[in-house]
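1. My questions concern the predicted model and sequence given below.
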Amino acid sequence: MFASIKGKVQGAGKAVGISSSSDLEALQRENEELRRMLAEVKPSTSRARVTELVKRKAAYHADQRVAMEDIIDTATEKIFDAIHGNSMLNYGEAKVKQVFYDATGDTIGALESNVAWGTRWKKLGKTMPCTRLQNQELEVKFGKNMRLLYFDLDEGFLNAASYGATPKPVMEARAQWDLANQKNPVMWRFKALPIRLRQAEQRLAEVIGSDPSDTKIVINANYATSVVLKSLPWEVGDRMLIFSCDYDATKNATEWLKREKGVEILEVPMDLTSLQTDDNIISTVRDYLEKLRESHLPLPKLANFCHVTSKTAWIFPAKRLCELFHSYGISVMIDGAQAAGHLDINVAQIGADWYLGTVHKWLYSCQGVAFIVTQPHKHKCTHPLTVSYFDGSGYLKEFSYYGLQDFSTWCATIDALDFINNVCGGMNVIRQYCRDQAQKCVALLSEAWGTKPLQGSVEYYGNMPIMPLPNGGGVGDFAAVKVMAYLMTRKITAFLLVTDILDVPTLCVRCSCQIYTDMEDWTNLAQAVNQLNGDY
């Protein structure tokens with residue numbers, strides 16, 4: 001389709017007297033000037049001038065629409081995509097770039113060495129060290145001991161899936177990054193910061209299996225969602241598809257799209273308790289798309305779904321859904337806020353046009369660290385929400401900096417990933433502990449409450465089984481708030497929800513199994529709930 005895109009773009013250019021792709025690229029660079037000129041059009045402006053400006057604006061819009069509608073569908077594109085999505089090549093690229101940026105960062109670190117690091121500063125050029133992150137022997141067991149030594153968490157914190165929890169050494173490292181900035185904010189901004197952010201992004205790309213050139217850190221997943229929805233050149237009557245179980249904030253964003261852009265929002269009903277399997281989910285979506293096709297109305301331009309749903313913690317077959325939507329010519333955005341770290345994901349192989357996720361929930365960064373991974377053929381139509389210094393300079397440059405903020409949380413991502421490797425023994429060790437704990441948690445609560453997890457098996461709940469409370473059927477939404485407040489009096493912080501199980505509103509708890517929780521925590525939860533005797 002790359003060749004056909006070129007043809008479409010050149011065709012749009014000819015309509016306004018543009019004869020080559022270079023002319024069209026120049027036109028795109030002049031887009032900001034065009035907006036300014038349009039804003040200055042007055043009644044006295046000649047009709048010819050107005051016509052020229054309108055045509056140039058239309059050509060830019062047509063160029064953006066081509067990128068918006070492009071999918072990987074030709075043999076050449078599929079070969080390129082297979083290379084681009086190859087996990088070994090992406091890992092190799094991330095490692096090579098990581099070595100470069102680490103080496104550059106070490107040089108920058110030497111310049112930062114006038115900071116009073118105290119006994120923790122062992123070697124000039126070392127990335128912001130906290131001695132507990134440097135080649136730590138894995139002596140501390142997960143569970144209560146991990147919480148006491150490495151976290152400032154209250155006892156009974158069982159809701160990691162909402163905002164995560166940051167280890168103490170990562171918080172200390174964040175303060176050190178901020179101190180480096182405060183020593184000379186100008187030098188930090190122009191010399192150190194660009195290198196440090198690329199360091200963090202290279203390390204993150206290695207963990208999530210993405211191409212480093214497609215991966216950019218942003219402040220949260222909601223921001224990333226808005227980036228995609230507000231960047232695309234929507235037209236009145238376009239359609240977007242979501243699932244009924246999508247994240248509430250994403251649904252709000254699509255309502256904005258409907259209100260401001262005239263986009264029709266289509267919602268696929270997802271009764272997960274009756275579907276139960278990946279095959280049934282795929283069949284449900286395929287049947288929905290077939291009905292749309294048979295109606296002879298336009299198919300959606302974009303589909304969104306959660307890799308792991310927020311409230312019900314259901315793990316979706318992301319790669320298969322991407323392939324299905326692409327077979328209908330529909331671009332895909334995946335909300336992976338609960339997936340990165342929780343699951344062993346490979347973003348490039350999943351193949352979504354945009355994959356969004358958080359780092360703070362399951363990868364132990366500070367709060368306010370997320371990412372957007374954009375496939376190369378979507379770079380052209382993906383822009384930050386803030387128009388700033390590098391507007392029109394391309395995806396990587398535009399997202400590299402779009403205004404001043406506290407970047408220390410982003411830089412401390414490096415230290416969060418060091419914590420995973422050097423303190424915890426790597427993500428595989430963490431996932432195994434959490435997965436084993438989740439299965440034991442299910443067994444304990446099933447026996448104590450006489451209920452079964454909403455998602456059925458560990459294949460669909462991972463680290464987050466949703467457990468119905470005993471006699472929790474037929475309650476109202478306020479029951480969840482009431483029980484959460486009661487649990488807080490017992491020094492237990494947990495997330496409760498009311499969701500339909502076979503059309504019956506049922507009170508459930510979302511269990512978030514982490515390295516700082518253990519079976520004592522779930523035993524305390526079981527006993528506290530049982531003492532309510534079903535009075536919700």
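-> Arrived safely.
2. From now on I want contacts and neighbour counts done on CA atoms only, so please keep to that.
-> OK.
3. For the residue nearest to residue 262 when sequence neighbours are not counted, give me its contacts.
-> Using CA to CA, 6 or more residues apart in numbering and skipping residues adjacent in sequence, the residue nearest residue 262 is residue 236, 4.6 Å away. Contacts were defined as CA atoms under 8 Å, 6 or more residues apart in numbering; by that measure residue 236 touches 261-263.
4. Those into CSV, with extra columns for pLDDT, distance to residue 275 and neighbour count?
-> CSV is the format used below for those (pLDDT from 0 to 100; distance: CA to CA, whole Å; neighbours: other CA atoms under 10 Å):
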residue, pLDDT, distance to residue 275, neighbour count
261, 94, 33, 17
262, 94, 32, 16
263, 95, 29, 21
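5. Just the ones of these in helices?
-> Those of these mapping onto helices are residue 261, per DSSP state H.
6. In JSON lines, list the contacts of residue 236 along with distance to residue 395.
-> Compiled in JSON lines, those are given as follows (distance: CA to CA, whole Å):
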{"residue": "261", "distance to residue 395": "23"}
{"residue": "262", "distance to residue 395": "27"}
{"residue": "263", "distance to residue 395": "25"}
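7. picking that back up, give me the phi and psi for the residue nearest to residue 262.
-> Main-chain torsions, residue 236, degrees, to the nearest 10: phi -60, psi 130.
8. Give me the distance between it and residue 261.
-> 6 Å (CA to CA, to the nearest Å).
9. tell me which element residue 52 is part of?
-> With secondary structure defined by DSSP states H and E, residue 52 is part of helix 47-69.
10. Look up phi and psi at the residue nearest to residue 473 when sequence neighbours are not counted.
-> In space, and not counting its chain neighbours, residue 473 is closest to residue 506: 4.3 Å by CA to CA, 6+ apart. Torsion angles at residue 506 (phi, psi; degrees, to the nearest 10) stand at phi -130, psi 130.
11. Residue 506: neighbour count?
-> 24 (other CA atoms under 10 Å).
12. So what sits opposite it in the bridge?
-> On the basis of DSSP bridges, residue 506 is bridged to residue 473, residue 499.
13. show me the contacts for it.
-> Residue 506 neighbours (CA under 8 Å, 6+ apart): 468-469, 472-475, 498-500.
14. Distance-wise, check it relative to residue 272.
-> The separation that residue 506 has from residue 272, given CA to CA, amounts to 14 Å.
15. just the helices in the stretch 401-536 of the chain please.
-> 408-411, 413-418, 427-449, 458-461, 478-489, 519-530 (DSSP state H, counting those that start in this stretch).
16. Report the rounded mean pLDDT for the first one.
-> For helix 408-411, the mean pLDDT works out to 96.
17. repeat for the fifth one
-> If you average the pLDDT over helix 478-489, you get 95.
18. does residue 152 sit in a helix or strand, and which one?
-> Using DSSP H and E, residue 152 falls outside every helix and strand.
19. For the closest residue to it other than its chain neighbours, what are phi and psi?
-> Nearest in space to residue 152, with sequence neighbours left out and distances taken as CA to CA, 6+ apart, is residue 168 at 6.7 Å. Main-chain torsions, residue 168, degrees, to the nearest 10: phi -60, psi -40.
20. isn't residue 168 right next to residue 151, touching?
-> Yes - contact between residue 168 and residue 151 holds when scored by CA atoms under 8 Å: they sit 5.3 Å apart.
21. list the contacts for residue 445?
-> 451, 467, 522-523, 526.
22. next one: residue 464
-> 313, 438, 510-513.
23. wait, which of those residues is closest to residue 424?
-> Nearest to residue 424 out of the contacts of residue 464 is residue 513 (CA to CA; 15.2 Å).
24. What is the neighbour count of the closest one?
-> 30.
25. for stretch 387-399, what is the average pLDDT?
-> What stretch 387-399 shows for mean pLDDT is 91.
26. Restricting to C-alpha, output it in PDB.
-> Taking C-alpha atoms only, stretch 387-399 is exported to PDB below (Å, rounded to 0.1, in the frame of the first residue of the first chain):
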ATOM      1  CA  VAL A 387       1.900  22.400  19.900                       C
ATOM      2  CA  SER A 388       5.400  23.400  20.800                       C
ATOM      3  CA  TYR A 389       9.000  24.000  19.500                       C
ATOM      4  CA  PHE A 390       9.200  20.900  17.300                       C
ATOM      5  CA  ASP A 391       5.800  20.900  15.700                       C
ATOM      6  CA  GLY A 392       6.100  19.600  12.100                       C
ATOM      7  CA  SER A 393       9.500  18.000  12.800                       C
ATOM      8  CA  GLY A 394       8.300  14.400  12.800                       C
ATOM      9  CA  TYR A 395       7.100  11.900  15.400                       C
ATOM     10  CA  LEU A 396      10.300  11.400  17.400                       C
ATOM     11  CA  LYS A 397      11.200  15.100  17.500                       C
ATOM     12  CA  GLU A 398       7.700  16.300  18.400                       C
ATOM     13  CA  PHE A 399       7.400  13.900  21.300                       C
END
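27. buried set for that stretch?
-> Of the residues in stretch 387-399, those buried by neighbour count under the rule 16 or more other CA atoms under 10 Å are 391-392, 395, 398-399.
28. so where's the chain uncertain?
-> Applying pLDDT under 70 to the chain picks out residues 1-45, 50, 73-140.
29. and the most centrally placed residue in it, what element?
-> Centroid-nearest residue in the chain: residue 357, 1.3 Å away (criterion: CA atoms, centre = their mean). Using DSSP H and E, residue 357 sits within strand 354-358.
30. Now for the nearest residue to residue 316 once chain neighbours are set aside: which residues touch it?
-> Excluding its sequence neighbours, the residue lying closest to residue 316 (CA to CA, 6+ apart) is residue 307, at 5.3 Å. Shown in contact with residue 307 (CA under 8 Å, 6+ apart): 315-318, 334-339.
31. same thing but at 10 Å, please
-> Residue 307 sits next to 246, 313-319, 321, 334-340, 343, 345, 355-357 when contact means CA atoms under 10 Å, 6 or more residues apart in numbering.
32. re earlier: roughly how far does the residue nearest to residue 473 sit from residue 486?
-> For residue 506, the distance to residue 486 - CA to CA - is 18 Å.
33. now residue 281
-> Taken as CA to CA, the span from residue 281 to residue 486 is 36 Å.
34. what's the answer for residue 243, then?
-> The gap separating residue 243 from residue 486 is 33 Å, by CA to CA.
35. For the residue nearest to residue 152, grab the count of nearby residues.
-> Neighbour tally, residue 168, other CA under 10 Å: 17.
36. repeat for residue 469
-> That count, for residue 469 with other CA under 10 Å as the rule, works out to 24.
37. quick one, what contacts it?
-> Neighbours of residue 469 in contact, by CA under 10 Å, 6+ apart: 445-446, 448-452, 496, 506-509, 526, 529-530, 534, 536.
38. Just the buried ones from the residues you listed?
-> Applying 16+ other CA under 10 Å to the contacts of residue 469, the neighbour count classes 445-446, 448-449, 451-452, 496, 506-509, 526, 529, 536 as buried.
39. Let me know the closest of those to residue 60.
-> Proximity of the buried ones among the contacts of residue 469 to residue 60 (CA to CA) peaks at residue 496, which lies at 48.0 Å.
40. give the contact list for the closest one.
-> Residue 496 neighbours (CA under 10 Å, 6+ apart): 159, 311, 466-469, 477, 479-484, 507-511.
41. Tally up the residues packed near the nearest residue to residue 181 once chain neighbours are set aside, please.
-> Nearest non-adjacent residue to residue 181, counting by CA to CA, 6+ apart: residue 188, 5.3 Å away. By the measure other CA under 10 Å, the count of residues near residue 188 is 20.
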